[in-house]
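[1] Predicted model follows, preceded by the sequence.
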Amino acid sequence: MAEILSPRPAATVITVRDAANGYEILMLRRNLNSDFVGGAYVFPGGGVDESDAGPPAQRLAFGLSDAEASRRLALESGGLAYYVACLRELFEEAGLLIACDADGEPVRLSDPESIRRLAASRREVNAGSLKFIEMMEREGLLLDLRGLEYVAHWVTPVGPPRRFDTRFFVALTPSDQVATHDAGETVADQWIRPTDALDAHARGELEMIFPTISNLKAIAHLGTSQEVLEYARSLENIVPVEPRIVTRDGEVQILLAGDDGYDV
């Protein structure tokens, strides 16, 4: 019998901004050569690293303690690392930095010098010559976790070569920053309304995986970015969703808890 892989802790963030006709979410296209959902459009995110849970990361977290984060995620401890991982991945993959100073004032990064420094730091972080937390310390910035809202919990089903235990969050996009894909793990970026993304997927124009589709469906009816955040805040007792992959009459199907055959 093949070994069942333990899922790796991961975090991903649905980044939202208001637009002329409602609100948009940021989607990144994964590199076609990736060994995990290559070519699919996803939200910024990835595995929780050891550095996300270390003392330096905890010192730089503003607005949320590990005890509070763990309580929100129904964990005994270590919840803060998921929040830190969200903001780290958002910076690495999309170039967006949600940060503040020691007084809690959001950091503005729209002047040419700040943009240049941010881009240079991102290149260092993505090249592995500088850790994200080290960059934050160097710049004298704190991770602003106050606006990061927990919205869903998905676990990759048994079968794929890589499995993740992923917490989904939502956050407002910094109004003075421009998102750009990293041209490594991700090869394209797109702001799109959830309804438009779902329609494009239905037409076969936008490849997405099941958790992405399900999370978009959950918020597609909302009208503004603020409503998305309020929706996330209203959720209680978020339970993990662990789909199961089955083959019936030669056709692969994805089952959720409560579906016929899920418990077989």
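    Cool, the structure landed. Since we're looking at a predicted model, the values are computed, not measured.

[2] drop to CA atoms for contacts and neighbour counts, all remaining ones
    OK.

[3] where's residue 88 relative to residue 208, distance?
    23 Å (C-alpha to C-alpha, to the nearest Å).

[4] I meant to write residue 137 there.
    36 Å.

[5] Looking at these two, which is more packed in?
    Between residue 137 and residue 208, residue 208 has the larger neighbour count (other C-alpha atoms under 10 Å), namely 21 against 15.

[6] outside of the helix or strand hosting residue 16, which residues touch it?
    Assessed by DSSP states H and E, residue 16 sits inside strand 8-19. Identification of contacts with strand 8-19 by C-alpha atoms under 8 Å, 6 or more residues apart in numbering yields 23-26, 43-48, 82-83, 85-86, 89-90, 163-173, 224-225.

[7] Please identify the buried residues of that strand?
    The neighbour-count check on strand 8-19 (16 or more other C-alpha atoms under 10 Å) flags 8, 9, 10, 11, 12, 13, 14, 15, 16, 17, 18 as buried.

[8] re earlier: among the contacts of strand 8-19, which are in strands?
    23-26, 45-47, 164-172 (DSSP state E).

[9] Can you give me the neighbour number for the nearest residue to residue 38 once chain neighbours are set aside?
    In this structure, residue 38 finds its nearest non-sequential neighbour in residue 32, 4.4 Å apart by C-alpha to C-alpha, 6 or more residues apart in numbering. A count of neighbours around residue 32, defined by other C-alpha under 10 Å, yields 14.

[10] same question, residue 47
    Close neighbours of residue 47, defined as other C-alpha under 10 Å, add up to 18.

[11] Against residue 46, how distant is the closest residue to it other than its chain neighbours?
    Spatially, and ignoring its direct neighbours in sequence, residue 47 is nearest to residue 10 (4.0 Å; C-alpha to C-alpha, 6+ apart). Computed as C-alpha to C-alpha, the residue 10 to residue 46 distance reads 5 Å.

[12] any residues in contact with both of those two?
    Residues touching both residue 10 and residue 46 by C-alpha under 8 Å, 6+ apart: residue 85.

[13] buried set for stretch 54-71?
    By neighbour count on 16+ other C-alpha under 10 Å, the buried set for stretch 54-71 is 57, 58, 60, 61, 62, 64, 65, 66, 69, 70.

[14] Also stretch 201-209?
    201, 206, 207, 208.

[15] Tell me which of those fall in helices.
    residue 201 (DSSP state H).

[16] before we move on, the earlier item: looking at the buried residues of strand 8-19, which one is closest to residue 95?
    Residue 95 lies nearest to residue 15 out of the buried residues of strand 8-19, by C-alpha to C-alpha, at 12.1 Å.

[17] what's the pLDDT at the closest one?
    If you check residue 15, the pLDDT there is 97.

[18] Pairing partners for it in the sheet, please.
    Assessed by DSSP bridges, residue 15 has beta-bridge partners residue 171.

[19] in the stretch 1-150 of the chain, which segments are predicted with low confidence?
    Applying pLDDT under 70 to the stretch 1-150 of the chain picks out residues 1-5, 35-36.

[20] and stretch 228-248, C-alpha only, in PDB?
    Extracted in PDB, the C-alpha atoms of stretch 228-248 (Å, rounded to 0.1, in the frame of the first residue of the first chain):
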ATOM      1  CA  VAL A 228     -16.000  40.400   1.800                       C
ATOM      2  CA  LEU A 229     -14.100  41.200   5.000                       C
ATOM      3  CA  GLU A 230     -17.300  41.400   7.000                       C
ATOM      4  CA  TYR A 231     -18.400  38.100   5.600                       C
ATOM      5  CA  ALA A 232     -15.100  36.500   6.800                       C
ATOM      6  CA  ARG A 233     -15.500  38.100  10.200                       C
ATOM      7  CA  SER A 234     -19.000  36.700  10.600                       C
ATOM      8  CA  LEU A 235     -17.800  33.100  10.100                       C
ATOM      9  CA  GLU A 236     -17.700  30.900  13.200                       C
ATOM     10  CA  ASN A 237     -16.300  27.400  13.700                       C
ATOM     11  CA  ILE A 238     -14.700  27.100  10.300                       C
ATOM     12  CA  VAL A 239     -14.300  23.300   9.700                       C
ATOM     13  CA  PRO A 240     -11.700  21.800   7.400                       C
ATOM     14  CA  VAL A 241     -12.900  20.700   4.000                       C
ATOM     15  CA  GLU A 242     -11.100  17.600   2.800                       C
ATOM     16  CA  PRO A 243     -12.300  16.400  -0.600                       C
ATOM     17  CA  ARG A 244     -11.900  12.900  -1.700                       C
ATOM     18  CA  ILE A 245     -11.100  11.700  -5.300                       C
ATOM     19  CA  VAL A 246     -13.000   8.700  -6.600                       C
ATOM     20  CA  THR A 247     -13.400   7.000 -10.000                       C
ATOM     21  CA  ARG A 248     -16.800   6.000 -11.000                       C
END
